[in-house]
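Student: sequence and predicted structure, then a few things I'm wondering about:
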Amino acid sequence: MPIRIPSDLPAQGVLNAENIFVMDSEAAAKQDIRPLEVGILNLMPNKIETEVQILRLLSNTPLQINIDLIRIDNQAPKNTPKAHMDAFYLSFDDVAHKNYDGFIITGAPLAHLDYSAVKYWDKITTIMEWTQRHVQSTLYSCWAAHAAMFHFYGHNRRLRDDKLSGVYTHNVNDPHDALMRGFDPQFNAPHSRFGEIPIDIYKSVEGLNVLASSEKAGAYLVASKDKRMVCVTGHPEYDPDTLEQEFKRDINNGLTPKVPENYYENDDPSQPYHVTWRSHGSLLLTNWLNYYVYQTTPFDLADLPSKK
């Protein structure tokens with residue numbers, strides 16, 4: 001799927017170098033089709049890295065996508081130049097009038113804060129409520145997945161004593177769900193989080209289906225039966241070296257993190273790491289775009305039904 005992004009967005013050069021098909025606005029304007037409208041609310045501090053990771057996964061099916069990069073507030077993020085934010089990001093107020101086929105809310109480094117202590121929690125809940133009226137299918141990632149469970153269903157995550165970090169084997173629980181099409185019965189995916197919600201909590205919520213889970217990492221992929229809400233507790237978008245970067249960052253910050261599990265050869269950080277999740281990560285986002293978004297969204301987004 002050619003994703004339509006500004007020609008000077010840094011992600012375009014990275015993706016072109018990886019032979020991933022992207023399309024600038026001039027070329028996209030020549031195609032006589034109705035592109036999908038996808039918004040990305042990026043809550044991560046390193047916006048550029050997260051943009052590349054997500055856009056890479058959105059780029060592998062045959063339809064055109066218009067991407068809006070959205071920021072939660074106007075404060076300059078710690079690890080992203082202000083000029084980049086001003087050039088490529090919209091505020092939520094800029095897009096609140098729009099409807100979207102798909103919407104992604106990323107994770108955020110807020111694991112140890114109560115939701116009430118998150119400075120933009122009110123804005124987050126406003127946006128989550130807004131998606132019920134303006135978005136066909138919303139994908140919540142990691143911290144956002146837990147935040148959605150708390151906001152919509154009242155189930156708070158609990159914090160682990162140590163960080164769940166590594167690459168874990170998952171089982172497909174519902175192979176007939178469209179989101180699982182093409183998945184092997186077992187597949188790998190990275191996790192990097194302190195928060196967790198027991199799998200029985202997800203199963204107790206009417207209308208939710210736990211599509212994939214891990215004996216060690218718990219629920220991985222949870223979706224509403226109407227396909228309008230998808231929660232991914234791991235990180236299918238991670239680059240090969242992301243877990244290593246996080247591990248070394250924590251050490252440099254004076255912490256004593258555990259070695260990411262099932263990532264380095266023999267769990268030894270002096271050895272090479274193994275990348276075993278990227279094909280299923282790409283398949284997950286492709287299936288979401290195809291079966292949860294494109295196949296269900298109205299041609300005229302003005303006809304998007306409000307979720308009750």
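Tutor: Sure thing, it's come through.
Student: make it CA atoms for all contacts and neighbour counts henceforth
Tutor: OK.
Student: give me the neighbour count for Gly207.
Tutor: Close neighbours of Gly207, defined as other C-alpha atoms under 10 Å, add up to 12.
Student: would you confirm that it contacts Val222?
Tutor: No. Here Gly207 does not reach Val222: they are 10.3 Å apart, not a contact under C-alpha atoms under 8 Å.
Student: who touches both of those two?
Tutor: With contacts taken as C-alpha atoms under 8 Å, 6 or more residues apart in numbering, not a single residue reaches both Gly207 and Val222.
Student: and the strands in the chain, which stretches?
Tutor: Using DSSP state E, the strands of the chain run over 3-4, 22-23, 36-41, 65-71, 89-91, 100-105, 135-141, 158-172, 186-196, 208-214, 218-224, 229-232.
Student: each with direction, which strands does the fourth one pair with?
Tutor: Each strand that strand 65-71 pairs with, and the sense of that pairing, follows from DSSP bridges: strand 3-4 (parallel), strand 36-41 (parallel), strand 89-91 (parallel).
Student: any idea of the mean pLDDT in the shortest one?
Tutor: Right, the one you point to is strand 3-4. The pLDDT scores in strand 3-4 average 60.
Student: with the second one instead?
Tutor: The predicted model gives strand 36-41 an average pLDDT of 96.
Student: so how far is that strand off the chain centroid?
Tutor: A distance of 12 Å separates the centroid of the chain from that of strand 36-41, by C-alpha atoms, centre = their mean, to the nearest Å.
Student: so that strand versus strand 135-141, what angle?
Tutor: If you take axes from the mean of the first three to the mean of the last three C-alpha atoms, to 10 degrees, strand 36-41 sits at 40 degrees to strand 135-141.
Student: put the alpha carbons of strand 36-41 into PDB.
Tutor: Output of strand 36-41 as PDB, limited to C-alpha atoms (Å, rounded to 0.1, in the frame of the first residue of the first chain):
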ATOM      1  CA  LEU A  36      -7.800   5.400   3.200                       C
ATOM      2  CA  GLU A  37      -7.500   8.100   5.800                       C
ATOM      3  CA  VAL A  38      -5.300   7.000   8.800                       C
ATOM      4  CA  GLY A  39      -4.300   9.100  11.800                       C
ATOM      5  CA  ILE A  40      -1.400   8.400  14.100                       C
ATOM      6  CA  LEU A  41      -1.400   9.900  17.500                       C
END
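Student: one step back: who wins for proximity to Leu57 among the strands of the chain?
Tutor: Leu57 lies closest to strand 3-4 among those, at 10.2 Å (C-alpha to C-alpha).
Student: who are the neighbours in contact with Lys163?
Tutor: Here Lys163 is in contact with Ser192, Arg193, Phe194, Pro257, Lys258 (C-alpha under 8 Å, 6+ apart).
Student: for PyMOL, what selects the buried ones among the residues you listed?
Tutor: Remark: buried members of the contacts of Lys163, expressed as a PyMOL selection using 16 or more other C-alpha atoms under 10 Å:
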select buried, resi 192+193+194
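Student: for the nearest residue to Thr106 once chain neighbours are set aside, give the beta-bridge partners.
Tutor: What sits nearest to Thr106 in space, not counting adjacent residues and going by C-alpha to C-alpha, 6 or more residues apart in numbering, is Ser141, at 5.0 Å. Beta-bridge pairing for Ser141 (DSSP bridges): Val232.
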